[in-house]
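>>> Sequence first, predicted model second:
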Amino acid sequence: MINKSVLAWMAAGLSFPLSAEVIVLNDGRLETQACAYGRGATAISSAKAQAASELARFIKGNKTLNNNSSKSDVTISDELSNVYESNRELLLEGLEQQALTIDVSSPQLQGNDTCVTATLAMKVKSSKQSINWDDSTQHIAVTVIGEGWPKQGKTALNNAEKDALQRAVSQVVGVWLSQNHAQSSQTTLSIQNDAESTTMKDIIGQQLSMHSEGLVKEWRTLDSQPIANNGIRLTLDVVVEKKPLVQQTSQLLSQIGSPYVKVDAKEPLRTVITNWLGEQGIEVTPYSSLIVKADSRLKTTGNNQRLDIRIKVKDLHNVYSSWKNEPSLLSLPKGKSTFIDLVDVHFADEKQLQDLHQSLFKGFTQVVARGGLSREVIIPAQFVEQPEQIAAIFSTISGVSNVAVQNKNNNIVVRLRYKGSSGELAQAVHLSLAAIAAKPLPKINVNNNYTLTYL
């Protein structure tokens, strides 16, 4: 069964860089394979989310089944078409309520990618739960089902409780964003369509559900059932704290919609991009570790020149999205002002600006989807009494993910992702390291908003 945080991505119709195709099997199930770059839990979760997204896209886009709506060689019978049509409304309701059960295969490695196969039966049951956001209350209660199996030194019960709590947080995030869209849209990157809006919502739900600490006030078990392979299925009544959830959601909305970026480009392209970003609500600062990098060059053919522009959203180690203009849009004779004139023309073209906007939005959402900006913490080895505990210590910090540790020049270098600001991370790191410090730690410094160091 695919978990509820992944189903949230499915409801959004969220697309990923690697596209997938949906086929209809002989027994009437819908099947798709999807892949995500990398290894480990993050790549598996992304592949599952992409598979769910492709199934959702298929259902939303095909009111009827026919041989043109499937890439398989299966002949779509009248009976199969009738089953699909009679259940499509339930399928769509299941998407909205995050109540669909999808069978997902074990992950397989294909080159640098992690891939899964997902199948969905056409006959579904949707359990609708009406939830309203009341600003006069401090909490919101939801009923959720979690599943767990013995894994990573934890019991099936522990993992089922964690699964259920994450589902509860993800569900409440979706309710707040759906019923308070006017508030959320004020801090987002000029959302241009429903797909971008729902993508933003479900990325936030996915991220908050991964760190539900401090968001859940209490819960009680309503039902418990054993399931295959020594697993357990729990039904919990969960009470979610609204204030911290709204605060953390707002922070993530700001990272997606109004991030601080540094523009790396030569003039006059730099000024043009900076001004355009300002019109989109993007703050430009020379101190950000998130960079909008623009490379440009003139292509000469005879006496005419065309302009090639490539823009990336990146940090020191990662590229989150890239955009390329259409050089064939215009060519001009060689001259002193040719470069400037071509820049003006390309940034006056609505279609190209729309494509650039979508690329930037994809880049900013990818930063949040991966767990925040990549950062490094440099700690002189002399300050750490138990260096083998570094990875475990950092992994316990709320909002931290993708922790990797290496020794370099008598220093311990910790690379990680963090959803909040570097200042917040510095404070959390300093407090956490005190438990394994060999001597009193000096003040931790934040350099270039990317590197935290005790040097």
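All right, it came through fine.

>>> what about the helices in the stretch 1-150 of the chain?
Taking DSSP state H, counting those that start in this stretch as the test, the helices found in the stretch 1-150 of the chain are 4-12, 40-61, 78-97.

>>> Apologies, that question was intended for the stretch 151-300 of the chain.
Assigned by DSSP H, counting those that start in this stretch, the helices in the stretch 151-300 of the chain fall at 156-179, 181-185, 194-210, 242-257, 269-279.

>>> Throw these into JSON lines and include mean neighbour count, thanks.
Heads up, the C-betas are built off the backbone N, CA and C, glycines and all. Shown next, in JSON lines, are the helices of the stretch 151-300 of the chain (neighbours: other Cβ atoms under 10 Å):
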{"stretch": "helix 156-179", "mean neighbour count": "22"}
{"stretch": "helix 181-185", "mean neighbour count": "14"}
{"stretch": "helix 194-210", "mean neighbour count": "22"}
{"stretch": "helix 242-257", "mean neighbour count": "19"}
{"stretch": "helix 269-279", "mean neighbour count": "15"}
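
>>> Dump the ones you listed into CSV; add mean pLDDT as well.
Shown next, in CSV, are the helices of the stretch 151-300 of the chain (pLDDT from 0 to 100):
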stretch, mean pLDDT
helix 156-179, 86
helix 181-185, 47
helix 194-210, 69
helix 242-257, 86
helix 269-279, 93
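
>>> Any idea which of these gets closest to residue 34?
For those, the distance to residue 34 is smallest for helix 194-210, at 15.7 Å, taking Cβ to Cβ.

>>> which one of the helices of the stretch 151-300 of the chain lies closest to residue 115?
Nearest to residue 115, of the helices of the stretch 151-300 of the chain and by Cβ to Cβ, is helix 194-210 at 19.6 Å.

>>> Just the pLDDT at residue 189, thanks.
Predicted confidence (pLDDT) for residue 189: 45.

>>> er, residue 239 I mean
94.

>>> Can you pull out the low-pLDDT segments for the chain?
1-20, 41-42, 67-74, 92-101, 123-130, 180-202 (pLDDT under 70).

>>> care to break this structure down by domain?
1-124, 132-257, 259-368, 373-453 (automatic domain parsing).

>>> coming back round to it: any chance of the helices of the stretch 151-300 of the chain in CSV, plus distance to residue 338?
Formatted as CSV, the helices of the stretch 151-300 of the chain follow (distance: least, Cβ to Cβ, whole Å):
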stretch, distance to residue 338
helix 156-179, 47
helix 181-185, 40
helix 194-210, 35
helix 242-257, 36
helix 269-279, 13
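
>>> Out of those helices, flag the one nearest residue 426.
Nearest to residue 426 among the helices of the stretch 151-300 of the chain is helix 242-257 (16.4 Å), distances taken as Cβ to Cβ.

>>> Show me the contact partners of the closest one.
Residues outside helix 242-257 that contact it (Cβ atoms under 8 Å, 6 or more residues apart in numbering) are 133, 137-140, 169, 172-173, 176-177, 184, 187-189, 191, 200, 203-204, 207-208, 214-215, 281, 361, 364-365, 367-368, 372, 419-420.

>>> That helix: how far from the chain's middle?
14 Å (Cα atoms, centre = their mean, to the nearest Å).

>>> That helix to helix 156-179, inter-axis angle?
70 degrees (axes from the mean of the first three to the mean of the last three Cα atoms, to 10 degrees).

>>> From residue 411, how far out is residue 360?
35 Å (Cβ to Cβ, to the nearest Å).

>>> who has more neighbours, these two?
Legend: neighbour count by other Cβ atoms under 10 Å for residue 360 and residue 411, higher for residue 360 (24 against 18).

>>> Remind me which helix or strand that one belongs to.
helix 350-369 (DSSP states H and E).

>>> buried set for that helix?
352, 356-369 (16 or more other Cβ atoms under 10 Å).

>>> same question, stretch 328-337
331-332.

>>> Identify the residues contacting that stretch?
300-301, 303-306, 338, 341-342, 345-346, 349, 352.

>>> Quick one: distance of it to the chain centre.
40 Å.

>>> Surely residue 173 touches residue 212?
No. Residue 173 lies out of contact with residue 212 (Cβ atoms under 8 Å); the separation is 10.5 Å.

>>> Sitting in helices, which of the contacts of stretch 328-337 do you find?
Counting by DSSP state H, the contacts of stretch 328-337 place 338, 341-342, 345-346, 352 in helices.

>>> Kindly indicate which of the residues you listed lies nearest residue 159.
The nearest member of the ones in helices among the contacts of stretch 328-337 to residue 159, counting by Cβ to Cβ, is residue 352 at 48.1 Å.

>>> Thought residue 346 was touching the closest one, still the case?
Yes. Applying Cβ under 8 Å, one finds residue 352 in contact with residue 346, separated by 5.9 Å.

>>> Residues in contact with both of the two, list them for me.
325, 329.

>>> Neighbours of the closest residue to residue 322 other than its chain neighbours, how many?
Leaving aside its sequence neighbours, residue 322 sits nearest to residue 312 (Cβ to Cβ, 6 or more residues apart in numbering; 4.7 Å). If you count neighbours by other Cβ under 10 Å, residue 312 ends up with 18.
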